[in-house]
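# just coords:
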Ligand SMILES: NC(=O)C1=CN([C@@H]2O[C@H](COP(=O)(O)OP(=O)(O)OC[C@H]3O[C@@H](n4cnc5c(N)ncnc54)[C@H](OP(=O)(O)O)[C@@H]3O)[C@@H](O)[C@H]2O)C=CC1
Ligand SMILES: CC(=O)N[C@@H](CCC(=O)OP(=O)(O)O)C(=O)O
């Protein structure tokens with residue numbers, strides 16, 4: 001497959017390049033950047049020297065990019081991917097957008113939370129979370145790759161919500177992310193002296209991942225779910241840990257909860273179940289496409305607490321995109337992704 005990456009100079013685009021470089025079925029053709037057009041990608045990221053020295057091109061060359069590519073991965077800030085999607089509307093090209101523009105079934109929800117007008121409303125799209133939408137991904141033309149916090153949180157809660165084992169109105173999610181989740185552009189709040197030795201919550205009660213989590217859990221549950229989601233920033237480069245709380249439904253026993261996780265994820269290669277009492281850590285999934293899940297049943301409060309860990313740049317972005325690409329192309333889902341986490 002000839003592939004191009006739009007927005008290759010960002011963290012998500014560069015991680016995608018790292019994964020696709022060794023993918024046996026991907027041939028990287030074009031990489032784009034608007035701020036570094038004409039430079040080599042290895043000049044932006046020296047770790048790529050003598051491996052990938054492709055010259056960055058501009059989105060102005062989208063006609064040529066489209067002509068040369070079978071698959072286009074878009075790694076732009078939200079609001080920009082839909083413009084590229086529009087330009088590619090009449091072309092026979094499949095798209096995976098790593099941002100949020102194609103994640104929502106209800107455009108008005110997107111517009112309300114992202115505060116931008118959607119410009120490509122007619123496009124049919126599929127939510128790119130393989131463990132939930134594998135069949136639809138196979139034939140989708142546009143895949144809206146699931147978000148990072150959302151992947152960790154949805155995967156943690158899906159078995160409980162799907163099987164009605166919890167009170168869907170009682171869900172609370174506390175999640176913490178490494179700073180690469182905020183992208184590569186300079187921000188004062190993300191300077192080392194501001195971040196180091198500190199841990200903070202942000203976007204309380206209004207983070208844009210809230211409606212995305214609600215969308216997918218509502219589909220699974222069959223009822224409209226609203227929940228509390230609180231993101232936190234941790235002074236580390238990669239990783240997300242999501243801790244999810246919910247009240248256990250009446251008459252649901254521990255065995256039923258344990259079986260729900262085993263039934264839904266027992267055969268999932270990228271989900272590592274640590275079982276009841278398990279403690280996922282970001283360190284154990286770093287650099288890999290694995291989502292670790294462990295859960296705890298607290299009969300004192302009658303709540304279940306599910307913890308999940310992912311690498312935000314891999315299962316939360318580029319790895320998920322490659323997993324979706326593999327499914328969409330009919331390749332083995334593990335192709336180019338079967339590697340062990342980087343430790344320590
Ligand atoms: N970082 C993460 O953990 C995750 C990110 N994502 C999503 O992936 C997408 C990219 O994120 P990330 O890589 O972190 O962001 P970065 O800020 O690191 O990179 C953004 C990329 O977009 C390009 N870009 C920025 N503004 C424009 C513009 N106006 N027009 C065209 N190109 C532009 C930049 O290119 P240049 O400046 O060189 O022109 C760069 O390649 C976002 O939608 C994000 O939500 C999804 C999951 C996780
Ligand atoms: C730490 C940090 O700032 N994280 C980002 C989310 C990461 C991201 O890129 O969002 P998507 O997964 O939707 O693409 C944030 O809170 O906005």
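Noted; the coordinates are in hand. Small disclaimer: the values here were computed from a predicted structure and weren't measured. Numbering: from 1, shown residues only. Ligands and ions are numbered 1, 2, ... in the order given.
# Now do the strands in the stretch 151-300 of the chain.
Taking DSSP state E, counting those that start in this stretch as the test, the strands found in the stretch 151-300 of the chain are 172-177, 200-201, 228-233, 240-247, 271-276, 291-298.
# Mind checking if the third one is in reach of ligand 1?
Spelled out, that is strand 228-233. No: legend: contact between strand 228-233 and ligand 1 by C-beta under 6 Å from any ligand atom is lacking; minimum distance shown is 12.0 Å. (Each C-beta comes from the backbone N, C-alpha and C, glycine too.)
# Now that strand: buried residues?
The neighbour-count check on strand 228-233 (16 or more other C-beta atoms under 10 Å) flags 229, 230, 231, 232, 233 as buried.
# For it, what does the pLDDT average out to?
If you average the pLDDT over strand 228-233, you get 98.
# other SSEs contacting that strand?
For strand 228-233, the elements it packs on are helix 148-162, strand 172-177, strand 200-201, helix 209-221, judged by 3 or more C-beta pairs under 8 Å, 6 or more residues apart in numbering; DSSP states H and E.
# most tightly surrounded among the ones you listed?
Among these, helix 148-162 has the highest mean neighbour count (mean count of other C-beta atoms under 10 Å), at a mean of 28.
# Report the rounded mean pLDDT for it.
Mean predicted confidence for helix 148-162 is 98.
# just stretch 121-130 next, same as before
In this model, stretch 121-130 has a mean pLDDT of 92.
# Mind listing what's buried along that stretch?
Going by neighbour count (16+ other C-beta under 10 Å), the buried part of stretch 121-130 is 123, 125, 126, 127, 128, 129, 130.
# Can you get me the start-to-end distance on that stretch?
With C-alpha to C-alpha, to the nearest Å as the measure, stretch 121-130 spans 23 Å from end to end.
# what does stretch 200-212 give?
The first residue of stretch 200-212 is 22 Å away from its last residue (C-alpha to C-alpha).
# got it, and stretch 49-56?
Counting by C-alpha to C-alpha, you get 14 Å between the two ends of stretch 49-56.
# Show me what counts as buried in that stretch.
Neighbour counts over stretch 49-56 (16+ other C-beta under 10 Å) mark 52, 54, 56 as buried.
# residues touching the residue nearest to residue 181 when sequence neighbours are not counted, list them.
Using C-beta to C-beta, 6 or more residues apart in numbering and skipping residues adjacent in sequence, the residue nearest residue 181 is residue 312, 4.8 Å away. Shown in contact with residue 312 (C-beta atoms under 8 Å, 6 or more residues apart in numbering): 148, 149, 177, 178, 180, 181, 238, 239, 240.
# how about a markdown table for these, with distance to residue 18 added?
Output for the contacts of residue 312, formatted as a markdown table (distance: C-beta to C-beta, whole Å):
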| residue | distance to residue 18 |
| --- | --- |
| 148 | 17 |
| 149 | 22 |
| 177 | 20 |
| 178 | 16 |
| 180 | 13 |
| 181 | 17 |
| 238 | 12 |
| 239 | 17 |
| 240 | 19 |
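# Near ligand 2, list only the ones from the residues you listed.
Okay, of the contacts of residue 312 touching ligand 2 (C-beta under 6 Å from any ligand atom), that's 148, 177, 181.
# residues near the spatially closest residue to the second one that is not a sequence neighbour, how many?
Using C-beta to C-beta, 6+ apart and skipping residues adjacent in sequence, the residue nearest residue 177 is residue 240, 4.8 Å away. Residue neighbour count, defined by other C-beta atoms under 10 Å, stands at 29 for residue 240.
# again, but for residue 184
With neighbours defined by other C-beta under 10 Å, the count for residue 184 comes to 14.
# sorry, back to before: which of the helices and strands packed on strand 228-233 sits closest to ligand 1?
Of all these, helix 148-162 sits nearest to ligand 1, with 3.9 Å by C-beta to the nearest ligand atom.
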